[in-house]
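K.L.:
Take a look and give me a structure for this.
(one chain, ligands or ions: 1)
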Amino acid sequence: MSDREFQAGNLVQLTDTRGRHHTITLHEGAVFHSHKGAVNHDDLIGQPEGCAVTSAGGMTYLALRPILEDYVLSMGRKAAIIYPKDAFAIVGLAGIQPGSQVVEAGAGSGALSCFLLNAVGPSGTVTSVEIRPEFAEIAKRNVERWFGGPPANWSLSIGDLAEHEPETAEADAVILDMLAPWECLDSVAAQLRPGGRLVTYVATTTQLSRWVEHLRADGRWTEPRATESLVRTWHLEGLSVRPDHRMIGHTAFLVVTRRLAPGVVPPTRRRRPAPGAYGPDYTGPRPPDVPANPVTDSGENTNTAAES
Ligand SMILES: C[S@@+](CC[C@H](N)C(=O)[O-])C[C@H]1O[C@@H](n2cnc3c(N)ncnc32)[C@H](O)[C@@H]1O
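P.N.:
Modelled structure (predicted):
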């Protein structure tokens with residue numbers, strides 16, 4: 001049997017005639033049960049990828065090995081995963097390539113861990129940190145199922161990243177997906193090499209604003225950049241070729257910045273703040289070049305730097 005045929009131990013995605021997916025791991029003598037009757041794993045073992053198999057109840061399933069995108073969307077989870085569209089972007093924005101040393105937190109369900117491990121390859125390393133042991137267990141299960149066992153270049157630590165004993169000060173990239181990334185900034189700064197990339201996945205505009213202002217006020221980072229990506233699928237049928245009516249409108253924002261060399265002060269921005277950006281209603285951290293807000297007795301803001 002060549003590698004092209006299904007073998008025991010392979011992950012297989014079965015797609016029914018309504019487009020529903022089921023991911024199974026093939027075992028000799030095992031049976032996949034659905035409401036449309038059973039499929040014997042032995043009917044798939046030895047068959048070529050892309051074959052069809054019919055259940056005892058007459059449902060036909062198309063059988064393909066899942067790609068990582070299929071796998072993460074179907075795997076068991078408690079913590080929300082990073083969607084494939086964002087995982088693709090993170091790998092690119094963080095400059096991750098074969099051999100990269102990457103740190104991520106929180107590991108959650110392990111979806112991003114799988115993408116990172118794929119991208120760094122066997123010569124790179126991924127260190128994942130997760131504060132909740134029960135989520136770490138799910139991440140471990142999902143990663144090991146995808147890679148067919150524990151990847152030798154993956155370490156999963158249970159704990160708070162803010163207190164994590166760094167395994168390296170030479171990480172090429174750190175990826176954060178958590179509610180309060182600003183609590184972990186010292187730990188991240190200690191682990192990233194100068195020039196290393198920090199990509200943070202933040203779900204809301206309030207987190208986005210607070211995070212960006214923390215980075216600026218902290219001073220150890222290049223000017224942060226934020227993006228979001230919207231992916232629109234299309235309906236393709238004869239003359240009816242148009243965007244689908246439904247899409248995932250929002251997942252998160254990606255904030256990208258780079259670690260400055262120790263002791264380097266970020267060059268002052270030439271741009272003046274937008275009118276009112278740091279006006280009287282603003283209470284968050286201030287960039288070093290934006291002075292505190294002197295408010296007159298009448299309540300009028302006299303901070304021209306902030307208002308002009
Ligand atoms: C949305 S989930 C991450 C999902 C993950 N990126 C994935 O793709 O499966 C956020 C996780 O961050 C963890 N977390 C929050 N704060 C943390 C911290 N300070 N250190 C480590 N993990 C943390 C949470 O327990 C949660 O599991």
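K.L.:
Close to the ligand: what parts of the protein are there?
P.N.:
Counting by C-beta under 6 Å from any ligand atom, the chain comes close to the ligand at 79-82, 105-106, 108-112, 129-132, 135, 160-162, 177-179, 184. To be clear about C-beta, it is placed using only N, CA and C from the backbone, and glycine gets the same treatment.
K.L.:
Quick one: buried ones out of those?
P.N.:
Buried residues within the residues of the chain next to the ligand, counting neighbours by 16 or more other C-beta atoms under 10 Å: 79, 81-82, 105-106, 108-112, 129-131, 135, 161-162, 177-178, 184.
K.L.:
hang on, the earlier thing: show only the entries of the residues of the chain next to the ligand found in helices.
P.N.:
111-112, 135 (DSSP state H).
K.L.:
Take those and write them to JSON lines, including pLDDT and distance to residue 221.
P.N.:
Output for these, formatted as JSON lines (pLDDT from 0 to 100; distance: C-beta to C-beta, whole Å):
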{"residue": "111", "pLDDT": "98", "distance to residue 221": "26"}
{"residue": "112", "pLDDT": "98", "distance to residue 221": "21"}
{"residue": "135", "pLDDT": "98", "distance to residue 221": "28"}
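K.L.:
how about these in JSON lines, adding distance to residue 277?
P.N.:
Formatted as JSON lines, those follow (distance: C-beta to C-beta, whole Å):
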{"residue": "111", "distance to residue 277": "35"}
{"residue": "112", "distance to residue 277": "32"}
{"residue": "135", "distance to residue 277": "37"}
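K.L.:
buried ones in the helix or strand containing residue 215?
P.N.:
Using DSSP states H and E, residue 215 maps to helix 205-218. In terms of neighbour count (16+ other C-beta under 10 Å), helix 205-218 has its buried residues at 207-208, 210-218.
K.L.:
Any buried residues in the helix or strand following that helix, and which?
P.N.:
Reading on from helix 205-218 to the C-terminus, the next helix or strand found by DSSP H and E is strand 225-227. By neighbour count with 16+ other C-beta under 10 Å, strand 225-227 contains the buried residues residue 226.
K.L.:
Also stretch 269-285?
P.N.:
273, 278, 280, 282, 285.
K.L.:
Which of the residues of the chain next to the ligand fall in strands?
P.N.:
Among the residues of the chain next to the ligand, the residues falling in strands (DSSP state E) are 105, 129-130.
K.L.:
how about the strands in the stretch 151-300 of the chain?
P.N.:
Per DSSP state E, counting those that start in this stretch, the stretch 151-300 of the chain carries strands over the ranges 154-158, 171-176, 192-202, 225-227, 234-237, 240-243, 253-258.
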